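My questions are about this predicted structure, shown below with the sequence.
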Amino acid sequence: MRWNLPLLERYIFRIAGAAFLTSLGALTAVIWLSQALREMNLVTGKGQTLFVFFQITMLGLPALVMVIASLALFIAVLYALNRLNGDSELIVMNAAGCPPTLVLRPLAVLTLLVSLMVGMMTTWLMPESFRSLRELVTKVRADVVSRIVQEGKFVSLDNGILFHFRERQPAGGMGGVLIHDSRDPRVSTTYLAARGQLTEHENSMYLLLEKGSMQRQDSQGRDSSVIAFDRYVFDLDQFEQASGTIHYKPREWRTSELMFKLDRRDPKLSGLYSRYRVELHDRLSNILYPFATLAIAFAALGNARTTRQSRGAAILGAVAGLVVLRIAGFGAASIAVRSVGGIWLMYLVPVIATALGVFFSVRASAPVKRKQWVDIAGIVEWFERRLPARFRSAA
């Protein structure tokens, strides 16, 4: 694809585009590696395959890219402008009469592409990846007992769920099963069974316990009960849901669902309507942040500077501006949870940052008018008008 831009604009776009891709790749790799190391327990402690490990870690990439894209754009713009300044290319273009828009246009094209990428990530790819991640994690949890748990070991299947069986038996059975459920802070339940067998029904996994007992005890140890059973079915599909139904978190809802299906009276929201509403506007407002990032970076280094003029202070000022921008964005999102007015603030923060960046860029590029304290030419003209004619002709 060939951009319809002048030669200088294509040159600037190539520098900034290469820096953006490099920064995005490096930052994504570093953060992905840190998250992948935390998920290594899937392979080492829970016996999952490397394929499942990479699936879980890769499904988190869209959310990473969405957050990192604006930072990578900021680094790319600063790098491109600093390089043009360091090689005196901005000074030459300024001396040749090139307007600042010549430098701004290719950076604006790159920013528009980044904004479209962020919009696609935040409105479509990120919620879909979170949904797929939820389904995959559910399958992994259901698969813990059949493929991962080793006989004679106590394994935490989920927060508050401890599982143990004594030995494997023919046909995939397990002998001497123990399950301790302490998810409810008021009551803890312990299941003991002579035998356990995994069964699947309508795409749901269950553990069939035979010839055992269920012991319940309150948190204070005052009230306890023991119930014997011949057969008991333990649901393995939804460890974290006591009711067995999936309640998607705000980030897992599709954007179309947040826009058209969000109802304050829905009992499934359980008073969390404002969080779902903020999630929708957070996705939409994220599209504006690349433009604010460009405005801050261009206001700092968009104008030509000589080698004697330090650029370090300008770069530090741009970094401080970006930090303030992100803090203000997080603060607006927090206010929006409690107040409807905060929703407008979520959009105003990047818009105001963009406007301030444009204002300071125009102000810095405007020619400085210096006051002339002594008008030599006017003084000479005043004296000439008052000299006699013969002196004016001689002059």
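Perfect, thanks for sending it.

Could you pull out the helices in the protein for me?
Under the criterion DSSP state H, the chain contains helices at 7-38, 41-44, 50-58, 61-86, 89-95, 101-120, 126-143, 255-260, 273-285, 289-301, 312-338, 341-365, 376-386, 389-394.

ranking the ones you listed by burial, who's on top?
Most buried of these, by mean neighbour count (mean count of other CB atoms under 10 Å): helix 289-301, with a mean of 26. (Glycine included, C-beta is placed from N, CA and C.)

how much distance is there from that one to the middle of the chain?
Computed by CA atoms, centre = their mean, to the nearest Å, the chain-centroid distance of helix 289-301 equals 19 Å.

Let me know the average pLDDT across that helix.
What helix 289-301 shows for mean pLDDT is 94.

Now distance to Arg231 too, for the helices of the chain, in TSV please.
Compiled in TSV, the helices of the chain are given as follows (distance: least, CB to CB, whole Å):
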stretch	distance to Arg231
helix 7-38	39
helix 41-44	32
helix 50-58	31
helix 61-86	43
helix 89-95	79
helix 101-120	50
helix 126-143	20
helix 255-260	40
helix 273-285	41
helix 289-301	57
helix 312-338	47
helix 341-365	53
helix 376-386	109
helix 389-394	125
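
Can you say which of the ones you listed is nearest to Glu200?
Counting by CB to CB, Glu200 lies closest to helix 126-143 out of those; the figure is 8.8 Å.

shaky segments in the chain?
Low-confidence segments of the chain, defined by pLDDT under 70: 1-5, 38-49, 138-150, 157-158, 202-204, 221, 236-247, 267-271, 305-310, 365-395.

domain assignment for it?
Domain assignment of the chain by automatic domain parsing yields the ranges 7-140+248-365, 160-235.

if we can go back for a sec, of all the helices of the chain, which one is nearest Ala228?
helix 126-143 (26.7 Å).

one step back: which one, of the domains of the chain, ends up nearest to Phe154?
Nearest of those to Phe154, taken as CB to CB: domain 160-235 at 4.7 Å.

Pull up the distance across the closest one, start to finish.
Across its full length, domain 160-235 reaches 15 Å between end residues, using CA to CA, to the nearest Å.

what's the answer for stretch 250-266, then?
Between the opening and closing residues of stretch 250-266 there is a gap of 14 Å (CA to CA).

Show the contacting residues for Gly160.
Neighbour list for Gly160: Asp181, Ser182, Arg183 [criterion: CB atoms under 8 Å, 6 or more residues apart in numbering].

Filter these down to the ones in strands?
Counting by DSSP state E, those place Asp181 in strands.

Grab the nearest non-local neighbour of Leu207.
If the residues on either side of it in the chain are set aside, Leu207 comes closest to Phe234, at 4.3 Å by CB to CB, 6 or more residues apart in numbering.

Leu348 too?
The shortest distance from Leu348 to any residue that is not its chain neighbour, by CB to CB, 6+ apart, is 7.7 Å, and that residue is Ala332.

who wins for proximity to Pro170 among the helices of the chain?
Across the helices of the chain, Pro170 has its closest neighbour in helix 126-143 (20.5 Å, CB to CB).

Strands of the stretch 151-300 of the chain, start to end?
Defined through DSSP state E, counting those that start in this stretch, the strands belonging to the stretch 151-300 of the chain, from first to last, are 155-158, 161-168, 174-181, 187-201, 204-218, 224-235.

most neighbours per residue, which of those strands?
With neighbours taken as mean count of other CB under 10 Å, these reach their highest mean count in strand 174-181, at a mean of 19.

And it, how far out from the chain middle?
Between the mean C-alpha point of strand 174-181 and the mean C-alpha point of its chain there is a distance of 40 Å (CA atoms, centre = their mean).

Stretch 154-164 too?
Stretch 154-164 has its C-alpha centroid displaced from the chain centroid by 31 Å (CA atoms, centre = their mean).

what's the straight distance from one end of that stretch to the other?
One end of stretch 154-164 sits 5 Å from the other (CA to CA).

sorry, back to before: reformat the domains of the chain into JSON lines and put distance to Glu151 next to each item.
Conversion of the domains of the chain to JSON lines gives the following (distance: least, CB to CB, whole Å):
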{"stretch": "domain 7-140+248-365", "distance to Glu151": "13"}
{"stretch": "domain 160-235", "distance to Glu151": "5"}
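
closest one to Lys153 among those domains?
Put simply, out of the domains of the chain the one that sits nearest Lys153 is domain 160-235, at 7.0 Å, with distance taken as CB to CB.

ok so, going back, specify the stretch among the helices of the chain that is closest to Leu208.
Leu208 sits nearest to helix 126-143 of all the helices of the chain, at 13.8 Å, using CB to CB.

Ile179 versus the spatially most central residue of the chain, what's the distance?
Nearest to the geometric centre of the chain sits Val67, at 2.9 Å (CA atoms, centre = their mean). Look at Val67 and Ile179: by CB to CB, to the nearest Å, they are 39 Å apart.

now swap in Thr255 and tell me
Between Thr255 and Ile179 the computed distance is 39 Å (CB to CB).

go on, Gly172?
17 Å.

what's the answer for Ile352, then?
Looking at Ile352 against Ile179, where the rule is CB to CB, the gap reads 55 Å.
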